[in-house]
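A.B. asks: predicted model and sequence below, questions to follow.
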Amino acid sequence: MQRRLEAQLAEIRLSHEIHGRFTKLSLDGAGIPAILDAVGSLAGGRAGLYSIDGFRVRSGAEDGDALPARLHLPAELLREHGPLEARLTAGRPARELDVVPVRAGTDLLGFLVVAAPGAGADDADSRLRALQHGSTVLALEMSKERAAAEVERRLRGDLVEELLAGGLDGPEAERLARQAERLGHRLPHRAWVLVLEPDDPASEAEMAARGRQDRIHGALTDLARRRLGAALTLTRSSSAVVLLSEEVAPDLGTAERLAEQLHAAAAPLLRPGTASMGIGNLAESVAELARSHHEARQALRLARRGGMRGKITSYRSLGAFRLLLEVQSPDALRRFVGEVLGPLLKYAESRETPLLETLEALAAARWVRRAAARDLGIHVNSMSYRLERIETISGVKLDDPEIRVAIAIALRARSMLGM
């Protein structure tokens with residue numbers, strides 16, 4: 001009995017010591033990396049924090065890369081009443097890992113993952129208690145971080161939404177500038193507005209999935225902080241907006257290159273979905289940010305109509321085609337398409353020769369027959385025959401510059417209208 005009492009007392013002391021160590025780290029504000037280092041020290045292996053979809057999001061201060069970048073977690077760990085601990089084999093080289101859910105009540109926040117000790121390691125009780133106490137303190141820290149980040153994100157989101165709503169006068173713009181400074185941002189007076197949007201409903205559902213929006217927001221804000229001069233960001237359930245200062249992107253070419261970096265950071269998080277980015281013209285003042293935002297979304301709209309996916313499209317690059325977006329009446333566009341392409345549309349209903357597709361390839365190839373034939377995978381003689389048929393059916397000459405412009409606009413309008 002005395003031995004059992006001494007063993008129980010030793011367990012209580014061990015639990016108290018471990019709990020006290022973690023509590024002190026939390027009260028001192030040491031942060032999640034320090035807590036992970038303490039878990040690793042007590043448990044005899046490197047520790048990391050993983051998201052609920054299996055990505056490593058935080059590591060200890062040392063050797064964070066010793067753990068896999070991603071884990072495929074068993075479904076039972078994601079359940080509300082799943083196991084308190086599981087052991088997996090993962091990584092290259094393969095190693096055993098202990099996985100403990102990090103929960104705040106019934107809310108699953110992530111997973112504590114610790115490399116299992118080598119063969120012959122003892123003190124399994126100390127390791128188990130370190131994992132249990134560590135997951136509890138991590139849940140507290142993550143809840144605190146999430147609450148603070150949510151408040152800051154909501155304030156910044158409200159600010160950006162107000163900027164994009166438009167109709168600002170001088171005093172309102174000055175008020176928003178002061179509000180931005182209190183949030184740690186200097187409001188750009190001249191800026192590009194970049195918009196990321198999913199390409200289709202399935203991709204939009206991926207972006208709205210639990211945790212996906214937070215991860216996309218984290219990726220964009222991290223890149224903005226490190227490379228884009230702390231550009232303002234706003235992430236919604238179906239889009240993300242970045243305000244890029246002219247100081248960081250003095251011209252459209254630079255803005256497009258930075259947009260590619262933002263797209264590269266966010267796109268992998270949407271897979272298997274895809275997303276595209278639109279860039280509005282440079283806003284010359286705070287009051288013009290709403291106009292630039294509208295242009296960026298219009299660029300995306302026209303690009304999607306043209307079948308583009310996973311691309312960067314600037315409003316300026318649309319050239320004359322952006323005038324189509326200003327036409328308020330779809331019926332007017334349909335009439336124009338009918339006037340220019342009517343005979344070919346009627347021909348396509350009853351014949352198999354793809355004359356409209358041939359015309360689209362020719363316009364895309366800047367009216368160079370050989371290039372268009374190569375894009376279509378046909379001989380240039382076949383291309384010439386098809387063009388003769390097009391001229392005969394439509395009654396126009398394709399070497400007329402005005403006819404070419406009308407056809408190019410009609411083809412783009414047809415794509416926009418889904419005809």
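C.D. replies: Arrived safely. Predicted model, so just to flag it, every value in this text is computed and none were measured.
A.B. asks: output the lowest mean pLDDT helix or strand found in this structure.
C.D. replies: The weakest-scoring helix or strand in the chain, judged by mean pLDDT, DSSP states H and E, is helix 2-27 (a mean of 62).
A.B. asks: identify the bridge partners of Ala47.
C.D. replies: Val114 (DSSP bridges).
A.B. asks: check what pLDDT it gets.
C.D. replies: For Ala47, the pLDDT comes out at 85.
A.B. asks: these two touch, right, it and Asp37?
C.D. replies: Yes: under the criterion of CB atoms under 8 Å, Ala47 makes contact with Asp37 at 7.3 Å. For glycine as for every other residue, the C-beta is placed from the backbone atoms N, C-alpha and C.
A.B. asks: which neighbours do those two share?
C.D. replies: Shared contacts of Ala47 and Asp37 (CB atoms under 8 Å, 6 or more residues apart in numbering): Gly60.
A.B. asks: next one: Leu49 from Thr274, what distance?
C.D. replies: Leu49 is 29 Å from Thr274, where distance means CB to CB, to the nearest Å.
A.B. asks: between those two, which is the more surrounded one?
C.D. replies: Neighbour comparison, Leu49 and Thr274: the larger count goes to Leu49, with 27 against 16 (by other CB atoms under 10 Å).
A.B. asks: return the residues in contact with the more buried one.
C.D. replies: Applying CB under 8 Å, 6+ apart to Leu49 gives the contacts 32, 36, 56-59, 102, 110-113, 138, 142.
A.B. asks: if you count what's nearby, which of Ala47 and Asp37 comes out ahead?
C.D. replies: Counting neighbours by other CB under 10 Å for Ala47 and for Asp37 shows that Ala47 has the greater number, 30 against 19.
A.B. asks: quick check: Phe55 touching Ala69?
C.D. replies: Yes: in terms of CB under 8 Å, Phe55 counts as a neighbour of Ala69; the distance is 7.1 Å.
A.B. asks: those two: which has the busier surroundings?
C.D. replies: Each of Phe55 and Ala69 has its neighbours counted (other CB under 10 Å); Phe55 has more, 15 against 11.
A.B. asks: can you get me a residue count around Tyr50?
C.D. replies: Around Tyr50 there are 23 other residues, counting by other CB under 10 Å.
A.B. asks: and the helices in the stretch 151-300 of the chain?
C.D. replies: Secondary structure of the stretch 151-300 of the chain (DSSP state H, counting those that start in this stretch): helices located at 170-182, 201-208, 212-227, 252-266, 289-305.
A.B. asks: flag the shaky bits of the stretch 101-250 of the chain, pLDDT-wise.
C.D. replies: Under the criterion pLDDT under 70, the flagged ranges of the stretch 101-250 of the chain are 118-125, 149-150, 152-153, 156, 168, 181-185, 210, 230.
A.B. asks: state the distance from the most centrally placed residue in the chain to Asp37.
C.D. replies: Central residue of the chain (CA atoms, centre = their mean): Ala266, 2.9 Å from the mean position. Per CB to CB, Ala266 is found 30 Å from Asp37.
A.B. asks: swap in Arg227?
C.D. replies: 28 Å.
A.B. asks: same question, Arg4
C.D. replies: 34 Å.
A.B. asks: list the buried residues for stretch 298-315?
C.D. replies: Residues of stretch 298-315 classed as buried under the neighbour-count rule (16 or more other CB atoms under 10 Å) are 298-300, 302-306, 311-315.
A.B. asks: what's the span of that stretch from first residue to last?
C.D. replies: By CA to CA, to the nearest Å, the extent of stretch 298-315 from end to end equals 7 Å.
A.B. asks: equivalent analysis for stretch 69-86, please.
C.D. replies: Counting by CA to CA, you get 18 Å between the two ends of stretch 69-86.
A.B. asks: avg pLDDT for it?
C.D. replies: Mean pLDDT, stretch 69-86: 79.
A.B. asks: can you pull the buried residues of it?
C.D. replies: Leu71, Leu73, Leu77, Ala86.
A.B. asks: also stretch 347-357?
C.D. replies: Under the neighbour-count criterion of 16+ other CB under 10 Å, stretch 347-357 has Tyr347, Leu355, Leu356 buried.
A.B. asks: tell me where the stretch 51-200 of the chain has strands.
C.D. replies: 56-59, 86-90, 95-104, 107-115, 191-198 (DSSP state E, counting those that start in this stretch).
A.B. asks: burial-wise, tell me which of these comes out on top.
C.D. replies: Most buried of the strands of the stretch 51-200 of the chain, by mean neighbour count (mean count of other CB atoms under 10 Å): strand 191-198, with a mean of 27.
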